[in-house]
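**Student:** Predicted model, plus sequence, below.
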Amino acid sequence: MYSSAGGVSPDVEGEPIPPPDGGYGWVIVLAQFLINGFTWGVAASYGVYLSYYLSHNLFSDGTAHDFALIGGFNFAFALLIEPLATLLARLYDVRAPMLLGVIIFPIWYIYLSQGVCVGVAIGIIYIPSTAVLPQWFLKKRSFANGICAAGSGVGGLAISVIVFVVNLTATLLVRSGNREVNPDQQMFNTRLLRSYPVLLFLGWSFIMMFGYITLMFSLSDYALALGCSDQDAATITALLNLGAAVGRPAIGYLSDKNGRVEIAGTLTAICGLGAILGVFWAVVGPLSADIVGLRELPAFLSIVWLFVVALSASK
């Protein structure tokens, strides 16, 4: 079927133009690193908000379920917006939905803003950029994606007023290779669901998100339940994000050297033993490109994101 570091196997349609594996591609890596840092990095820090909301009676009518659901909205709406983001990228340019997301990003108020608006903004900034990176790399695809994914860990460590400036700058730096690759920009392509590798990948994605989302949002509150101070609980969440910043590029590098499927499978097994977390984000882009090719990548990612939405909202 498909395997190892060489990328797409013979039974998957070949890429029309070999990615340059460098050059301006490293600017794309920097741009997507910043995008991850100041979109998913914001979402990754919600565990600190959650523990504070639960330990302080800021909203008398708010329950633990309400506050947990707000965090789930971050992920759910970020993924639900994917079909619209793909359509806008097809009709205009990959940067069009990303610029819209930069504009609506600021936090307004609890449910509407921190749940829905932030989630939507993350989705239309992050998702269009996901399909761009594989167009620039082949042999170094996983390593480059790992660096990008580390951005959410760095962003989770340091979120400030520079969110708007960083996302705007990163969006303007992104250049897609859509004219050369001519990707299928369908909002959905149900034909992909007939592929056995696609179904395996979707199942793996769904299962991987069980542990990731739950731990990411509940770790800080769990620390408080054990008697830690607010500061210590926030520090524990920050250390989790630091681990993501260091570990994701390492996962990408190992994937390029030893095979994306092999490394993803091995680390998933280790993750099941409780040793590591977050394998999904480091390999989702490269593995998707390996399975369906660059032309089908946007349509396939629509399915991937929507497949894990229910899990995100119900965690």
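**Tutor:** Great, that's in hand.
**Student:** For residue 51, give its distance to residue 286.
**Tutor:** Computed as C-beta to C-beta, to the nearest Å, the residue 51 to residue 286 distance reads 34 Å. (C-beta placed from N, C-alpha, C; glycine too.)
**Student:** Which parts of the stretch 51-200 of the chain are helices?
**Tutor:** In the stretch 51-200 of the chain, the helices defined using DSSP state H, counting those that start in this stretch lie at 64-80, 82-91, 95-103, 118-130, 141-157, 163-173, 178-181, 196-225.
**Student:** Lowest mean pLDDT across these, which one is that?
**Tutor:** Comparing mean pLDDT across these, the weakest is helix 178-181, with a mean of 56.
**Student:** re earlier: and of the helices of the stretch 51-200 of the chain, who's closest to residue 40?
**Tutor:** Ranking the helices of the stretch 51-200 of the chain by proximity to residue 40 (C-beta to C-beta) places helix 141-157 first, at 3.6 Å.
**Student:** Does anything pack onto that closest one? Which helices or strands?
**Tutor:** With contacts taken as 3 or more C-beta pairs under 8 Å, 6 or more residues apart in numbering; DSSP states H and E, helix 141-157 sits against helix 25-37, helix 40-44, helix 230-258, helix 279-292.
**Student:** Quick check: which of the helices of the stretch 51-200 of the chain is nearest to residue 30?
**Tutor:** The nearest among the helices of the stretch 51-200 of the chain, by C-beta to C-beta, is helix 163-173 at 7.0 Å.
**Student:** State the distance from residue 135 to residue 32.
**Tutor:** 12 Å.
**Student:** tally of neighbours for residue 56?
**Tutor:** Residues near residue 56, counting by other C-beta atoms under 10 Å, number 9.
**Student:** again, but for residue 63
**Tutor:** What residue 63 shows, counting by other C-beta under 10 Å, is a neighbour count of 10.
**Student:** Touching, residue 287 and residue 264? I think so.
**Tutor:** Yes - counting by C-beta atoms under 8 Å, residue 264 is a contact partner of residue 287 at 6.3 Å.
**Student:** Please verify my assumption that residue 136 contacts residue 24.
**Tutor:** Yes - counting by C-beta under 8 Å, residue 24 is a contact partner of residue 136 at 7.2 Å.
**Student:** Of those two, which one has the most company?
**Tutor:** residue 136 (23 against 12).
**Student:** so what's the more buried one closest to, chain neighbours aside?
**Tutor:** residue 25 (3.2 Å; C-beta to C-beta, 6 or more residues apart in numbering).
**Student:** Pull out the buried positions in stretch 226-238.
**Tutor:** Of all the residues in stretch 226-238, those buried under the rule 16 or more other C-beta atoms under 10 Å are 228, 233-234, 236-238.
**Student:** Out of the residues you listed, which comes closest to residue 84?
**Tutor:** Set against residue 84, the nearest of those by C-beta to C-beta is residue 237 (30.7 Å).
**Student:** Cross-check the contact I'm expecting between that closest one and residue 220.
**Tutor:** Yes - counting by C-beta under 8 Å, residue 237 does reach residue 220; the two are 4.7 Å apart.
**Student:** intersection of neighbour lists for these two?
**Tutor:** 47-48 (C-beta atoms under 8 Å, 6 or more residues apart in numbering).
**Student:** before we move on, which element is residue 18 in?
**Tutor:** Using DSSP states H and E, residue 18 falls within no helix or strand.
**Student:** What number of neighbouring residues does the residue nearest to it when sequence neighbours are not counted come out with?
**Tutor:** Excluding the flanking residues, the one nearest residue 18 by C-beta to C-beta, 6+ apart is residue 138, at 6.3 Å. Using other C-beta under 10 Å, residue 138 has 22 neighbouring residues.
**Student:** Just the pLDDT for residue 138.
**Tutor:** Residue 138 is given a pLDDT of 83.
**Student:** surely it meets residue 19?
**Tutor:** Yes - assessed by C-beta under 8 Å, residue 138 is found in contact with residue 19 at 4.6 Å.
**Student:** Hmm, residue 268 is touching residue 208, no?
**Tutor:** Yes - in this structure, residue 268 is within contact of residue 208 by C-beta under 8 Å, at 6.6 Å.
**Student:** more neighbours, these two?
**Tutor:** Higher neighbour count among residue 268 and residue 208: residue 208, with 23 against 16, using other C-beta under 10 Å.
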